[in-house]
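A.B. asks: The sequence isn't on hand, but the structure is:
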């Protein structure tokens, strides 16, 4: 078969052209492309890695921020509670004090009233006594205008004194 | 639209009839063989009996006249002789240049003519170099700036093909030492696929049956053979000459070593034949399908139109298949070369 016999001339041209193609492409063509693609791949990998790290850091920051916010909230609650307690305490103390004071005042007032009352009573008794003595004097003077009535009174008083 | 098609086909049919009337009987076998084998000129078309072709340089070293360089136009499509050189019409050297010596003997000179295949080869090599180097230049311009390295358009396409070959064929088939072989295998892949595709373009400067020529595939297979055996590890040679098989398979009669040794040569031989045969067959198939149009001329216009339609549809289909084959053959050649190279990189893995 003619087709199966390699032709010497074509073999020569093939060796020449393939040799040149191989030399040129293997030196200046493919290694450049493959190298740069590898470099790009490395760059992309590195970028992805740093992005991942940044993400992680961001997540950490987020968690930390949340922690801080939570802490602040707890603190706030604590402070509010404290303030509340303090207020209640102050109010109750004030109330107690006020009550005490009021009690004292009332007591004082009462004792004052009592004293005044006693004084008034004494005054009244005294006045009543004087009044009754005056009245009695007047009555007696009127009754003792006549002799018999005087004697009768003396007798009555003696009897009374005897009874006592 | 449909009617226009039929009309066109009828027209084609009748014009073919007209053509057949003044042309002699078509010899399909001759035509196909002529198209798929090499020639000294680049035949483009024949218009009303006149051949339009590009003459190519003929470089021969004759016995009587020494080195001769002349244009193939001097041979007048094989109908004339120049300084005693002519194209043999039959005999052992049919279609090749022979020298008629003074005593009337025919002598086959040393023939380094730039034939159609050689010219196509040089053309495609040049285009391939330009394409790949322009892509490489694009990358070289952006050296050290990996953030700007995202090619678009054609460069991206070439990069995709390059990286698919590297990642899908070379890396898995060879293993850890793949870097040393990447340039060679990529060159082989692009060389084959480029010539395959160029061979499918029916008009100049395509259409030459370059990768369907055994000299071409033989050279490629030889390169793979050299690459496999020159850089082989010690373990590879040990597995060939002293494989780990029962002793009686190698001691009195070295059966296994002989088989293994033969394998060194059958592997590249298979590479050579596979590419050659599939590309040759593809070209022959397409030519044969096209010939249907002209063969059925004598059967009448109606039948001829039908067969023309049939032929066109089948041609389109097989052209698509050939596109696929162009890629597959390049892929297979590269993959098998990688596998053979990978096999030659064996480490001593059976130590116990």
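C.D. replies: The structure has been received and is ready for your questions. The shown structure was predicted, so the numbers you read here are calculated from the model rather than taken from an experiment.

A.B. asks: switch to C-alpha atoms for all contacts and neighbour counts from now on
C.D. replies: Noted.

A.B. asks: Please see if the helix ranked longest in chain A touches chain B.
C.D. replies: The residue-count maximum for a helix in chain A (DSSP state H) belongs to helix A:30-143. Yes - contact of helix A:30-143 with chain B (C-alpha under 8 Å from any C-alpha of the partner chain) involves A:30-34, A:36, A:39-40, A:43.

A.B. asks: Contact partners for the residue nearest the centre of chain B?
C.D. replies: Against the mean C-alpha coordinate of chain B, by C-alpha atoms, centre = their mean, the closest residue is residue B:211 at 0.6 Å. Residue B:211 makes contact with B:192, B:195-196, B:199, B:217, B:275-276, B:279-280 under the criterion C-alpha atoms under 8 Å, 6 or more residues apart in numbering or on different chains.

A.B. asks: Between those residues, identify the one with the most neighbours.
C.D. replies: residue B:275 (29 neighbours; other C-alpha atoms under 10 Å in any protein chain shown).

A.B. asks: Would you check how far apart residue B:244 and chain A are?
C.D. replies: Computed as C-alpha to the nearest C-alpha, to the nearest Å, the residue B:244 to chain A distance reads 37 Å.

A.B. asks: among the helices and strands of chain B, which has the poorest mean pLDDT?
C.D. replies: Every helix and strand in chain B was compared by mean pLDDT, DSSP states H and E; the lowest is helix B:2-22, with a mean of 49.

A.B. asks: which residues does the closest residue to chain A within chain B contact?
C.D. replies: Per C-alpha to the nearest C-alpha, residue B:112 is where chain B lies closest to chain A, at 4.0 Å. By C-alpha under 8 Å, 6+ apart, the residues touching residue B:112 are A:8-10, A:12-13, B:58-60.

A.B. asks: Reformat those as TSV; add distance to residue B:335, pLDDT and neighbour count.
C.D. replies: Formatted as TSV, the contacts of residue B:112 follow (distance: C-alpha to C-alpha, whole Å; pLDDT from 0 to 100; neighbours: other C-alpha atoms under 10 Å in any protein chain shown):
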residue	distance to residue B:335	pLDDT	neighbour count
A:8	28	83	14
A:9	29	85	19
A:10	26	87	26
A:12	26	90	19
A:13	25	89	22
B:58	37	86	21
B:59	37	87	20
B:60	38	85	24
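
A.B. asks: Can you convert these into CSV and add a column each for distance to residue B:133 and secondary structure?
C.D. replies: Formatted as CSV, those follow (distance: C-alpha to C-alpha, whole Å; DSSP: H, G, I helix; E, B strand; the rest coil):
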residue, distance to residue B:133, secondary structure
A:8, 30, helix
A:9, 28, helix
A:10, 25, helix
A:12, 24, helix
A:13, 22, helix
B:58, 31, strand
B:59, 31, strand
B:60, 34, strand
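
A.B. asks: Now tabulate those in TSV and tack on distance to residue B:284.
C.D. replies: Converted to TSV, the contacts of residue B:112 look like this (distance: C-alpha to C-alpha, whole Å):
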residue	distance to residue B:284
A:8	23
A:9	23
A:10	21
A:12	25
A:13	24
B:58	27
B:59	29
B:60	29
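
A.B. asks: per-residue confidence averaged over stretch B:170-190?
C.D. replies: Stretch B:170-190 carries an average pLDDT of 90.

A.B. asks: does any part of stretch B:75-86 sit near chain A?
C.D. replies: No - if you take C-alpha under 8 Å from any C-alpha as the test, stretch B:75-86 misses chain A, and the best it gets is 15.9 Å.

A.B. asks: Pull the distance from that stretch to the chain's centre.
C.D. replies: 28 Å (C-alpha atoms, centre = their mean, to the nearest Å).

A.B. asks: Give me the packing partners of the host helix or strand of residue B:310, helices and strands only.
C.D. replies: Per DSSP states H and E, residue B:310 falls inside helix B:301-344. Applying 3 or more C-alpha pairs under 8 Å, 6 or more residues apart in numbering or on different chains; DSSP states H and E, we find helix B:301-344 packed against helix B:2-22, helix B:171-174, helix B:182-200, helix B:214-230, helix B:255-295.

A.B. asks: Most tightly packed of those?
C.D. replies: Greatest average neighbour count among the helices and strands packed on helix B:301-344 goes to helix B:182-200 (a mean of 23), per mean count of other C-alpha atoms under 10 Å in any protein chain shown.

A.B. asks: Between helix B:255-295 and that helix, find me the angle.
C.D. replies: Helix B:182-200 runs at 30 degrees relative to helix B:255-295, counting by axes from the mean of the first three to the mean of the last three C-alpha atoms, to 10 degrees.

A.B. asks: So which residues make contact with helix B:182-200?
C.D. replies: Counting by C-alpha under 8 Å, 6+ apart, A:21-22, A:25-26, A:30-31, B:121, B:124-125, B:128, B:162, B:165-166, B:170, B:205-211, B:220, B:279, B:283, B:319, B:322-323, B:326-327, B:329-331, B:333-334, B:337-338 sit against helix B:182-200.

A.B. asks: what do you get for stretch B:166-179?
C.D. replies: Contacts of stretch B:166-179 (C-alpha under 8 Å, 6+ apart): B:182, B:185-186, B:334-335, B:338-339, B:341-343, B:345.

A.B. asks: now do stretch B:274-291
C.D. replies: With contacts defined as C-alpha under 8 Å, 6+ apart, stretch B:274-291 is touched by B:28, B:32-33, B:36, B:196, B:200, B:209, B:211-214, B:217, B:311-312, B:314-315, B:318-319, B:322, B:325-326, B:329, B:333.

A.B. asks: if we go to 7 Å?
C.D. replies: B:28, B:32, B:36, B:211-214, B:217, B:311, B:315, B:318, B:322, B:329 (C-alpha atoms under 7 Å, 6 or more residues apart in numbering or on different chains).

A.B. asks: swap in stretch A:3-19?
C.D. replies: Residues outside stretch A:3-19 that contact it (C-alpha under 7 Å, 6+ apart) are B:37, B:111-113, B:118, B:122, B:125, B:214-216, B:219.

A.B. asks: for stretch A:135-148, same thing?
C.D. replies: Here stretch A:135-148 has contacts from A:149-150, using C-alpha under 7 Å, 6+ apart.
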